[in-house]
Structure formats: C-alpha cells, structure tokens
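S.K.: what's the 3D shape of this:
(2 chains)
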Amino acid sequence: MDNACESPTEKGGETRESDEPTAAPGGSRVTEMDGIPEETDGDGDGELKEAAAEEGELKSQDIADLTAVEREDSLLTPAAKKLKIDTKEKKEKKQKVDEDEIQKMQILVSSFSEEQLNRYEMYRRSAFPKAAIKRLIQSITGTSVSQNVVIAMSGISKVFVGEVVEEALDVCEKWGEMPPLQPKHMREAVRRLKSKGQIPNSKHKKIIFF
Amino acid sequence: QGSVARREGEFPPRKVRCMMYGFGDDQNPYTESVDILEDLVIEFITEMTHKAMSIGRQGRVQVEDIVFLIRKDPRKFARVKDLLTMNEELKRARKAFDEANYGS
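M.R.: Below is the predicted model of the structure:
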C-alpha cells in the first residue's frame, strides 16, 4: 500500500504511547527522554485541548496569587489566610484532575483502532526539525537565538498547523466534501482564521477611523 | 520568501505530511495542500520573529517576547508553557543523573 506516513522505524524498540505508563519527573507526561520532548501533552481531541488550555491559564494565575499572598505572610488577616488555603486546595484539586485526565487518556488510547493508533502516533511524533527552525529565525534576526526560543517557536508552529488543518477539515465537511484536503479548503480556512485574528499579519494598514 | 526557504530544503515535506495526517487529514494529503501549509508555517514564523524583534529588547528574539505575543491565544500559550516547563524538568533530571554517575 502506498503510504506517505508510515510509523517511524528509525528508533527501533521504542514502545508505543498506549503501552507506556506515565513515567518521567514530576508526574509529567513525557514519553521520550532523548533530548528535548517534541510531543508532551496528552490531548487527543479538541475538548481535551481546551481543558488543558484553561488549566494553563488558571495555573499561571494561581502562581501569581500564591506569590502575592506569601509576600504578605506576616500580616495575614483571616481573609488572606482563607485565600491561601483556597489556592492550595485548588492546586491539589488540579493535580487530581491531571491524574484523572492521564487515566482517561490511557483508557482512550487503549481502545483505539489500528488506524486511530497510527494517526495518534503521527500526531504525537511529528515535529518540525529544530535545525531548520533555528536557521529560519536566525536568517531573519541576523543574530543567534537561544534554544528555548527554538523550542517555543516549533511548538507553536505545530499548534498553528493543527489549527489550520482542523479549520480546513471543518470547511471540507461543511462543503460536503471528503478529505484529502484540497487547496481551496486550506485557503478558506486561512481566510476564516485571519478574520478571527488567529493569523498574524502585519502587512496591511489597519484603518481605525473613517 | 516562502519558496526560497523551501528550495533550500528547510522543511522536509514528509514531516509536514505526517503532521497533517496526525491532525486529521488523509493518510496521503495532496502535495499542493502540503505546499500551502508549508508556506503558511514559514510565513507564521517570519511574522512572529519580526514582531518579537520589535518588542522588548530590540533586534533580538527572546522567549518572553514570544510568550507575550501569544498571550491571547490560549492553546499556543498553554503549549509554550508546557514545553518550557518540561524542558526545565528534563534539564534538572539530566543534571541530577550526571552528578549521581560522575560526581559534580
């Protein structure tokens, strides 16, 4: 069968996602330890992604709350004490939610069909080559960039691809057609995302008052 | 400038293909669609880089700038935070491993 995306066989002997329990430091969901992780989160579909996104935003807010309360430690009023306990409980609840989510993901992945497993593996493993991204960024800035920048940029590029493909699939379905995606779907998806402000475009001048 | 980057063999099309399949496209996506997506990504990275250079420390791209630029996009924001946190944890784990094996 002519397959454009077969399972990668360069790293022989690696276990598949569904077989590995969540290992790694801090109970995080890393499944490969050879270098910077290229797929880390366990989100398999849109809803899970949104939940994780919300968690991400809430977490940063919690950290801000925590540090603010610690600074006023000596002047803790009952109200502030209550806030501290509330934040601690929220953090514990969130860890439990994380564990629940991990368990749910494992159940979900173990019930995948062959084709779904294949697609999931591609979803987790595919990534842009870091060298190419670094070269691209450096060709624009003219100076060198840190490793973290390359990590961040390749990460959000992958999310960006996901957003475009998902939008294009929506368009395709809406027009009553089937995948594979055609250029017209892609272009319509880009047009929609642009109007939602998801695609950065600094090339046209915005007219504010007229 | 998208086609220039592609001519230099920047993004192997096979990787982009696999990514599209992973996100829901057919196992064999159309080459034209792959090309469009590749151009989009290169344009995206270019735009982000230019914007990052114009804020914070001028002329340089730093992680804080990137985080600032995507603060309004919950998915991307969460993803970057996750990746950077994970990277820190990995570095710490590797350092501890090295010290345990070879002494500091």
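S.K.: B:Tyr30 against A:Met186, yeah?
M.R.: No: counting by CB atoms under 8 Å, B:Tyr30 does not reach A:Met186; the two are 9.4 Å apart. Bear in mind the C-beta positions are built from the backbone N, C-alpha and C, glycine included.
S.K.: Please identify which of these two sits among more neighbours.
M.R.: Using other CB atoms under 10 Å in any protein chain shown as the criterion, B:Tyr30 and A:Met186 rank with A:Met186 on top: 26 against 19.
S.K.: Neighbours of B:Val16, how many?
M.R.: 20.
S.K.: For the spatially most central residue of chain B, list the residues it contacts.
M.R.: With distances taken as CA atoms, centre = their mean, the residue of chain B nearest its centroid is B:Ile45 (8.1 Å). For B:Ile45, the contact set (CB atoms under 8 Å, 6 or more residues apart in numbering or on different chains) comprises A:Ile133, A:Leu136, A:Ile137, A:Met153, A:Ser157.
S.K.: And for the third one, the neighbour number?
M.R.: Residues contacting A:Ile137 under the criterion other CB under 10 Å number 23.
S.K.: and if you look at the second one?
M.R.: Counted by other CB under 10 Å, the residues lying close to A:Leu136 total 23.
S.K.: The helix or strand hosting it - contacts with which helices or strands?
M.R.: For A:Leu136, the element it lies in under DSSP states H and E is helix A:130-141. Other helices and strands packing on helix A:130-141, by 3 or more CB pairs under 8 Å, 6 or more residues apart in numbering or on different chains; DSSP states H and E, are helix A:147-174, helix B:31-54.
S.K.: and the closest residue to B:Tyr30 other than its chain neighbours, helix, strand or coil?
M.R.: Take B:Tyr30 and drop its neighbours on the chain: the residue closest to it by CB to CB, 6 or more residues apart in numbering or on different chains is A:Pro180, 5.1 Å away. Recorded secondary structure, A:Pro180: coil (DSSP: H, G, I helix; E, B strand; the rest coil).
S.K.: one step back: would you mind giving the contacts of B:Ile45 as a markdown table with pLDDT and distance to A:Gln106 added?
M.R.: Below are these laid out as a markdown table (pLDDT from 0 to 100; distance: CB to CB, whole Å):
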| residue | pLDDT | distance to A:Gln106 |
| --- | --- | --- |
| A:Ile133 | 91 | 31 |
| A:Leu136 | 90 | 36 |
| A:Ile137 | 88 | 36 |
| A:Met153 | 89 | 30 |
| A:Ser157 | 91 | 28 |
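S.K.: want to throw the residues you listed into CSV with distance to B:Leu37?
M.R.: CSV is the format used below for these (distance: CB to CB, whole Å):
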residue, distance to B:Leu37
A:Ile133, 15
A:Leu136, 15
A:Ile137, 19
A:Met153, 16
A:Ser157, 11
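S.K.: tell me the contacts of B:Pro13?
M.R.: In this structure, B:Pro13 makes contact with B:Thr31, B:Val34, B:Asp35, B:Glu38, judged by CB under 8 Å, 6+ apart.
S.K.: Recalculate using a threshold of 7 Å.
M.R.: Listed by CB atoms under 7 Å, 6 or more residues apart in numbering or on different chains, the contact partners of B:Pro13 are B:Val34, B:Glu38.
S.K.: Domain-wise, how is the chain divided?
M.R.: No chain in the question, so chain A it is. Domain segmentation of chain A under automatic domain parsing yields A:51-126, A:131-199.
S.K.: wrong one, I was asking about chain B
M.R.: B:10-62, B:72-103 (the TED database).
S.K.: Adding distance to A:Arg191, write those domains out as JSON lines.
M.R.: Shown next, in JSON lines, are the domains of chain B (distance: least, CB to CB, whole Å):
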{"stretch": "domain B:10-62", "distance to A:Arg191": "12"}
{"stretch": "domain B:72-103", "distance to A:Arg191": "18"}
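S.K.: deepest of the ones you listed, which one?
M.R.: Using mean count of other CB atoms under 10 Å in any protein chain shown, the stretch among the domains of chain B with the largest mean neighbour count is domain B:10-62, at a mean of 19.
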